[in-house]
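> Could you look at this predicted model? Sequence included:
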Amino acid sequence: MKPVETVIKIENLFAGYGHAPIIENISFNVFKGEVFVIIGGSGCGKSTLLKHMIGLLPPISGNVLIQGDNLCLAAGNDRNRILQKIGVAFQSGALFGSMTVLENMMLPLKEFTELPDAMMEDIAWMKLKLVGLEKSGFLMPAELSGGMKKRAALARAMALDPSIIFLDEPSAGLDPVTSAGLDNLVKDLSSSLGITFVIVTHELASIDAIADRIIMLEKSVKGIIAEGTPEELKTSTDNPFVYNFFNRKIDKGGK
Amino acid sequence: MKQSRVSKQNQDTIISLAGRLDAKTISGLLSESRQMIAKADTPGLMIDLEAVDYMDTAGAAFLCLMEDESRKKGVQNFSIVHLKPGYSDLLDMAKEVRKADFSAQKPGALSFIENQGKFLLDTLAEAKEFITYTGEITYALFQSLLNPKKIRWADTFLVAERAGVDALPIVALISFIVGLVMAFQAAIPMRMFGAELYVANLIGISMVRELGPLMTAIILAGRSASAFAAEIGTMRINEEIDALTVMGLDPVKFLIVPRVIAATLITPLLTIFSNLVGMLGGAVVITSMGYPFISYYDQIASFVSWGDFTGGLVKCFIFGILIAASGCIRGYQTESGPSAVGVSTTRAVVTGIILIAVFDGIFSIVYYSLGI
């Protein structure tokens, strides 16, 4: 077995807005090159956890370490340096509507590198080619379909070649074919470029296709209810929440 | 840390790169490598990547740029050696992108004449739309007035509260200050003639006939027309207006009529309030000059007629309709896109203020010819 390198370490995190934690005292590690999936029912705090992991929300207590650097304690330039190691593709795409797709890709390059323009353009086009949008560089985000927006968002998240990419609900609102295409893309990028992916989703098909490891959050325990590979979670029968989730059963008030 | 270096071997200049090839390191390597290439005097140039332990898209783009520059310089044999197998796809892609001409995809810019034509067509189409909506609103308004039970009174009162009651402080502040400043400025020259008390006439007539209605209307245009446009615009983007339409509910009746009625009702009330507070501002100046308040009051009461007062109020009704209509119509016209609501809000305020100014002018002429 090859040695595993931890790229994200969550230590005793209490997550939530204000002082009321939605998630209490969770710890887990994400390893280099894996596709790590966070799942759970609606309202269990998946997106909140993601916001803590990318530094948008300060944790109530606990630590988020990205490649050994504590994101919660860092400020100013240190914080920016850590944030440049990660890329985030938001659920709605969050492309800047006033810029073309290509300009969206170029923005982080222009702000954070001193490369010549021609090279930045090459890099941006390469990213668009990676996600199959090389024909849409001059379009405005409003002209893209939902699936294209998500792919463009993924390309922008990759602009600075981060080693970790976070995806919030990449398949939400997409048809199964487009969604599968996006899954393949994630898998390809993870294997060819060695990028670590952290994905929040509740699409079962998507989880099957891409996940190396899963944690499942649950509202009632305010934390992780199950952890493991898709196979392990799918076949586990000892926890009703996990079983219901994977078998699309409605919980009728306990076992 | 490993260093990049240049060496020569037979016919080749060898540039050995080392360490990481990413966007950060390349910014530093770029000028150095260009110098190395410029200095190369051999027919062959070899880039050795043996000591490179990481390369990303920026690195691949960098290698392609080096190749281009070497070829331009006249290097015949350019080669990249010891490329780690995992990175060859990346390099191929970079080469492909470098060769591809994406500029063909760029949409062509319109010529000056085309732009003017487009602008004219857009303006005409928009004017048509504005007139259509105005007609629709007027029709819906009359229909609702004929059948007042159908009006959504709860919504109407809620809008009236937000646009009216909540606007009292700002209307009070602005009117008070305008009354005060105007009285103060007028009192200085009037004092030379011992006519300070006639400042009351000036304040009274200008507040009631002109400034009260106008200022209230402009405050409402800034405060409420923009709010209407943003609310309705957001509803348009969230498909709430489509939802109303498919439920068989007329969005104009449902959303616009309550707002127009509310604005029409509260504008005169706010204007009366503004008139009073403005005159109060003037009173502060006059009483501070030693005149009793009752003289100020008598002066205004004897000079300002009910005709002036009514004339001001009639204007307000019209202003109220204009403000609400411009806010709602601009909101209703909201297109998709992130800046759309901002654009409609701006347009609502601008349209509102322009219409107020134009109609104020029309009223002045009409009142003058009617002798009011």
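Arrived safely. Residues are numbered from 1 along each chain as shown, chains lettered A, B, ... in the order given.
> what's around B:Pro189, how many residues?
Residues lying near B:Pro189 (other C-beta atoms under 10 Å in any protein chain shown) number 9. The way it works is simple: take the backbone N, C-alpha and C, and place the C-beta from them, glycine included.
> how close does it sit to chain A?
Separation of B:Pro189 from chain A (C-beta to the nearest C-beta, to the nearest Å): 52 Å.
> quick one: contacts of the helix with the most length in chain A?
Secondary structure assigned by DSSP state H gives helix A:176-192 as the longest helix of chain A. With contact meaning C-beta atoms under 8 Å, 6 or more residues apart in numbering or on different chains, helix A:176-192 is reached by A:33-35, A:130-132, A:146-147, A:150-151, A:154, A:158, A:165, A:167, A:170-171, A:174, A:195-197, A:199, A:203, A:205-206, A:209-210, B:86, B:89-90.
> Toward the C-terminus, what is the element adjacent to the helix or strand bottoming out on mean pLDDT in chain B?
Using mean pLDDT, DSSP states H and E, the weakest-scoring helix or strand in chain B turns out to be strand B:5-9, at a mean of 67. Later in the chain than strand B:5-9, the nearest helix or strand by DSSP states H and E is strand B:12-21.
> which SS class is A:Asn25?
Under the three-state scheme (DSSP: H, G, I helix; E, B strand; the rest coil), A:Asn25 adopts strand.
> Tell me who's in contact with the closest residue to chain A within the stretch 201-350 of chain B.
The minimum distance from the stretch 201-350 of chain B to chain A, using C-beta to the nearest C-beta, falls at B:Pro338 (3.7 Å). B:Pro338 makes contact with A:Phe96, A:Gly97, A:Ser98 under the criterion C-beta under 8 Å, 6+ apart.
> Check the gap between it and A:Val88 for me.
Distance, B:Pro338 to A:Val88, using C-beta to C-beta, to the nearest Å: 18 Å.
> Likewise for B:Ile329?
Using C-beta to C-beta, B:Ile329 is found at 39 Å from A:Val88.
> one step back: just the ones in strands from the contacts of helix A:176-192, please.
A:Val35, A:Ile165, A:Leu167, A:Thr196, A:Phe197, A:Ile199 (DSSP state E).
> any idea of the pLDDT on the residue of the stretch 201-350 of chain B closest to chain A?
Here, the pLDDT recorded for B:Pro338 equals 71.
> Let's verify it: helix, strand, or coil?
Classification of B:Pro338 using three-state DSSP returns coil.
> who in chain B is up against chain A?
B:22-24, B:26-27, B:30, B:56-58, B:60-62, B:64-65, B:86, B:89-90, B:93-94, B:96-98, B:100, B:102, B:105-107, B:336-339 (C-beta under 8 Å from any C-beta of the partner chain).
> ok, now with 7 Å
Residues of chain B lying close to chain A by C-beta under 7 Å from any C-beta of the partner chain are B:22-24, B:26-27, B:56-58, B:61-62, B:64-65, B:89, B:93-94, B:97-98, B:102, B:105-107, B:336-339.
> Can you select the buried ones from these in ChimeraX?
Remark: buried members of these, expressed as a ChimeraX selection using 16 or more other C-beta atoms under 10 Å in any protein chain shown:
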select /B:22,23,24,26,27,56,57,58,61,62,64,65,93,94,97,98,102,337
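> Which of the residues of chain B next to chain A fall in helices?
Among the residues of chain B next to chain A, DSSP H puts B:23-24, B:26-27, B:57-58, B:61-62, B:64-65, B:89, B:93-94, B:97-98 in helices.
> in the stretch 1-150 of chain B, what residue is nearest chain A?
B:Asp56 (3.7 Å).
> pLDDT score assigned to that residue?
pLDDT, B:Asp56: 84.
> Setting aside sequence neighbours, what's the nearest residue to it?
In space, and not counting its chain neighbours, B:Asp56 is closest to A:Asp161: 3.7 Å by C-beta to C-beta, 6 or more residues apart in numbering or on different chains.
> Quick check: phi and psi on that neighbour?
phi 50, psi 60 (degrees, to the nearest 10).
> Tell me, how many residues neighbour it?
When neighbours are defined as other C-beta under 10 Å, A:Asp161 has 21 of them.
> Now do the same contact list for it.
With contact set as C-beta atoms under 7 Å, 6 or more residues apart in numbering or on different chains, A:Asp161 has these partners: B:Asp22, B:Ala23, B:Asp56, B:Thr57, B:Ala58.
> just the buried members of the contacts of helix A:176-192?
Among those, those classed as buried by neighbour count (16+ other C-beta under 10 Å) are A:33-35, A:130-131, A:147, A:150-151, A:154, A:158, A:165, A:167, A:170-171, A:174, A:195-197, A:199, A:203, A:206, A:209-210, B:90.
> in the stretch 101-250 of chain A, what residue is nearest chain B?
At 3.7 Å from chain B, A:Asp161 is the closest residue in the stretch 101-250 of chain A, using C-beta to the nearest C-beta.
> A:Thr100 versus that residue, what's the distance?
From A:Asp161 to A:Thr100 the distance is 21 Å (C-beta to C-beta).
> Confirm for me that B:Lys106 is in contact with A:Ser136.
No: if you go by C-beta atoms under 7 Å, B:Lys106 and A:Ser136 don't touch, sitting 11.9 Å apart.
> Can you check the pLDDT for residue 76?
Answering for chain A, as no chain was given. Looking at A:Gly76, its pLDDT is 82.
> wrong one, chain B
81.
> so what's it up against?
Each residue near B:Gln76 by C-beta under 7 Å, 6+ apart is listed here: B:Pro43, B:Gly44.
> quick one, helices of the stretch 51-200 of chain A?
A:76-83, A:101-112, A:117-130, A:146-157, A:176-192 (DSSP state H, counting those that start in this stretch).
> Single out the most deeply packed of these.
Of all those, helix A:146-157 has the most neighbours on average by mean count of other C-beta atoms under 10 Å in any protein chain shown, namely a mean of 24.
> show me where the stretch 101-250 of chain B has helices.
Under DSSP H, counting those that start in this stretch, the stretch 101-250 of chain B gives helices at B:112-146, B:153-163, B:168-191, B:199-206, B:212-220, B:226-237, B:240-246.
> Buried deepest among those, which one?
By mean count of other C-beta under 10 Å, those have helix B:212-220 as the most buried, with a mean of 25.
> Close to chain B: what parts of chain A are there?
Applying C-beta under 7 Å from any C-beta, we find that chain A lies next to chain B at A:97-98, A:109, A:113-115, A:119, A:122-123, A:125-127, A:129, A:135, A:137-138, A:142, A:160-161, A:192.
> go again using 6 Å as the cut-off
Proximity of chain A to chain B (C-beta under 6 Å from any C-beta of the partner chain) is limited to residues A:Gly97, A:Thr113, A:Glu114, A:Met119, A:Asp122, A:Ile123, A:Trp125, A:Met126, A:Phe138, A:Ala142, A:Asp161.
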